[in-house]
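Asks: pasting the sequence and the predicted coordinates here, then a few questions.
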Amino acid sequence: MKAIRVHAVGGPEAMRLDDVEAVTPGPVEVLVRNGAAGVNFIDLHQRTGRYPVPDIPLTLGMEGAGTIESVGDQVTNVKPGDRVSYVMGGHGAKPGTYAEYACVPADALILLPAEIDNVTAAGMTLKGLTAQYLIRGAYPVQKGQTILVHAAAGGVGLLLCQWARLIGARVIGTVGSEAKAEVALAHGCDHIIQYGREDVAARVRALTGGEGVPVVFDAVGKDTFEASLDSLMVRGTLVSFGTASGPTPPFNLFELNPRGSLYVTSAGLAWFTRSRAELLERAGELVGLIASGAIKVPVRQQWPLAEAASAHKALEARATTGMTVLTI
Ligand SMILES: NC(=O)c1ccc[n+]([C@@H]2O[C@H](COP(=O)([O-])OP(=O)(O)OC[C@H]3O[C@@H](n4cnc5c(N)ncnc54)[C@H](OP(=O)(O)O)[C@@H]3O)[C@@H](O)[C@H]2O)c1
């Protein structure tokens, strides 16, 4: 089968379309014929070696969708022909969705309704579960609150903004360009701040009567960390969940006190989908909202599998909005 692998960690040129041996599912796994794979920021971190990777050569990709081809002896929850999406990694699996086929633990699978095609599913599963756990679990957002979402026009960002709007919250989003501002405003953002050009915390204070926001969702990291803390109200919460601009700087815990007894958490999807039951509960809400059209999945970039490097270059260059998907 064809698969995109990295043979040595590095730039996008490290990715190669290889012919590799067919994979065979273990007793509690299924073989999925992938129709599409989601491109996520974590794939860039694994390709560059910033996040540790299990084996080299490594087939990239944490998010996939397709049709079950065959199932292991002990699998009872799904059958060949079912259409599913899944996130690798949280359930003992390695990356590997940038490929024609993947072996996936059966307890990581989400059954897809007919309303959700493979491209949509590959755009919404990892990012949508992330938006769900952030807004329902890491910090349960309430109607009437004003929240701050960084990289609001990105994949996770557009889902978070729409979801917060649905709950009845007011959303302030940060973006890197004028064109991205328009996209974020069309997907749930009420106010936009261009973080390269404006003082984020000052704008947030101005928009909240000087109070600040109860929560900041920050996956930009290095470049936004200080502004995030400065944007919080007394006893507000910084939910850090990514480092697109680089790792957050070292921080003296005591500083949270004079800044208003703030809370800070560093959150990860795997910790919010620890059991099959928890995964199904979060996925149930996500799939329901997307199948009904209440939340849209803007897949705004698509490339064929063989051109995965172009997708990585675009994501790295901040040239994408919404979701990026590889078609297989
Ligand atoms: N912890 C978790 O559970 C979890 C799960 C999924 C994703 N994440 C994180 O969530 C973030 C969003 O993921 P995504 O896949 O949806 O990506 P994305 O938001 O579509 O793309 C990343 C965005 O970050 C912004 N950015 C700011 N500084 C950047 C820089 N120096 N280089 C590149 N981008 C920069 C860019 O938007 P602007 O141009 O508007 O600034 C860029 O479009 C990532 O940090 C990812 O690692 C975390």
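Replies: Perfect, I can see it now.
Asks: gap between the residue nearest to Glu13 when sequence neighbours are not counted and Leu60?
Replies: Counting by Cβ to Cβ, 6 or more residues apart in numbering, Glu13 lies nearest to Ala309, which is 6.8 Å off, once chain neighbours are set aside. C-beta: built from backbone N, CA, C; applies to glycine. For Ala309, the distance to Leu60 equals 10 Å [Cβ to Cβ, to the nearest Å].
Asks: Val30 too?
Replies: Relative to Leu60, and taking Cβ to Cβ, Val30 is found at 20 Å.
Asks: do stretch 229-247 and the ligand meet?
Replies: Yes. Using Cβ under 6 Å from any ligand atom, we find that stretch 229-247 touches the ligand at Phe241, Gly242, Ala244, Ser245.
Asks: closest one to the ligand out of the residues you listed, please.
Replies: Gly242 (2.4 Å; Cβ to the nearest ligand atom).
Asks: now the longest strand along the chain: buried residues?
Replies: Scanning the chain for the strand with the most residues, using DSSP state E, yields strand 29-39. Using 16 or more other Cβ atoms under 10 Å as the test for burial, strand 29-39 gives Glu29, Val30, Leu31, Val32, Asn34, Gly35, Ala36, Ala37, Gly38, Val39.
Asks: what does stretch 215-223 give?
Replies: Using 16+ other Cβ under 10 Å as the test for burial, stretch 215-223 gives Val215, Val216, Phe217, Asp218, Ala219, Val220, Gly221, Asp223.
Asks: give me the subset of these touching the ligand.
Replies: Okay, of the buried residues of stretch 215-223 touching the ligand (Cβ under 6 Å from any ligand atom), that's Ala219, Val220, Asp223.
Asks: okay if I get these as CSV plus pLDDT and secondary structure?
Replies: Converted to CSV, these look like this (pLDDT from 0 to 100; DSSP: H, G, I helix; E, B strand; the rest coil):
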residue, pLDDT, secondary structure
Ala219, 97, coil
Val220, 98, coil
Asp223, 98, coil
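Asks: contacting residues for Arg165?
Replies: Taking Cβ atoms under 8 Å, 6 or more residues apart in numbering as the criterion, Arg165 is in contact with Val171, Gly188, Asp190.
Asks: close to the ligand: what parts of the stretch 101-250 of the chain are there?
Replies: Within the stretch 101-250 of the chain, the positions lying close to the ligand (Cβ under 6 Å from any ligand atom) are 126-127, 130, 151, 153-157, 175-176, 180, 219-220, 223, 241-242, 244-245.
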